[in-house]
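Enquirer: Sharing a model that was predicted from the sequence below.
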Amino acid sequence: PALPAIGFPGLGDPRGPGGDRWRSERTERMYDILVEMFAVAELDPGVYHGLDEMARDAQAPIRLDGETRRQYRERAWTRLRELDELQPGSDLEIRYLAWVDEVVASFFPLPLPVPDSWWAERYRRSRTLVLDAVRAAGGKADVLDGRPYDRALRGRLSGTQMILPVEEADADRVLWTLRLPWEFGGSGEPGRVVHGVRRR
């Protein structure tokens with residue numbers, strides 16, 4: 001259903017010190033996605049996060065309470081500002097674009113979003129920005145959702161992987177890609193995921 005009108009300050013003023021808009025169209029599009037998601041999170045108590053730098057060694061998603069939301073917004077804002085400073089199409093821009101996408105993907109409701117949901121549409125928009133940028137540069141990136149966890153694990157993941165208890169059919173499968181694995185021009189980064197373990 002349609003969302004009610006929300007008075008929400010978002011991530012701060014999307015203008016630089018000189019009053020200009022974001023220099024990068026990709027940064028502005030990511031900003032728009034994140035502002036919408038944070039606005040909905042103000043209404044939804046069932047929002048969690050799995051951002052590695054805020055959840056080091058945590059094996060389960062962490063509830064996004066008031067204080068955590070503030071920290072999360074600060075990290076999102078920092079990554080967006082850094083992305084906006086980079087040369088479009090460079091390997092460094094792709095790295096930071098993937099890091100901003102990780103901020104988007106590491107911010108989710110439980111149960112996890114179904115494919116046609118409002119949340120899933122925001123993830124698709126964010127992921128498409130990364131996938132298109134990597135392909136345009138002649139590189140490759142993968143969304144790991146649905147793949148067997150053991151196969152995805154081999155040399156393709158780093159950091160803290162998270163788990164969710166699930167029914168037998170989804171055990172040992174990647175339920176959610178937190179960070180896309182990508183390669184371009186000799187650079188690259190492993191992925192991070194949420195994977196299922198059998199519910200006891």
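Expert: Everything's here; your move.
Enquirer: Show me which positions of the lowest-mean-pLDDT helix or strand in the chain end up buried.
Expert: Across the helices and strands of the chain, mean pLDDT, DSSP states H and E gives its lowest value to helix 149-153, namely a mean of 84. Neighbour counts over helix 149-153 (16 or more other C-beta atoms under 10 Å) mark Tyr149, Ala152, Leu153 as buried. C-beta coordinates here come from the backbone N, C-alpha and C atoms, glycine included.
Enquirer: which among those residues gets closest to Ser126?
Expert: Ala152 (19.9 Å; C-beta to C-beta).
Enquirer: The residue nearest to the spatial centre of the chain: what's its closest spatial neighbour, skipping adjacent residues?
Expert: Nearest residue to the geometric centre of the chain (C-alpha atoms, centre = their mean): Ala105, 2.4 Å. Among residues not flanking Ala105 along the chain, Leu178 sits closest, at 5.3 Å (C-beta to C-beta, 6 or more residues apart in numbering).
Enquirer: What mean pLDDT does whatever helix or strand that neighbour lives in get?
Expert: According to DSSP states H and E, Leu178 maps onto strand 174-179. Across strand 174-179, the average pLDDT comes to 94.
Enquirer: Tell me the helix or strand right after it.
Expert: strand 182-184.
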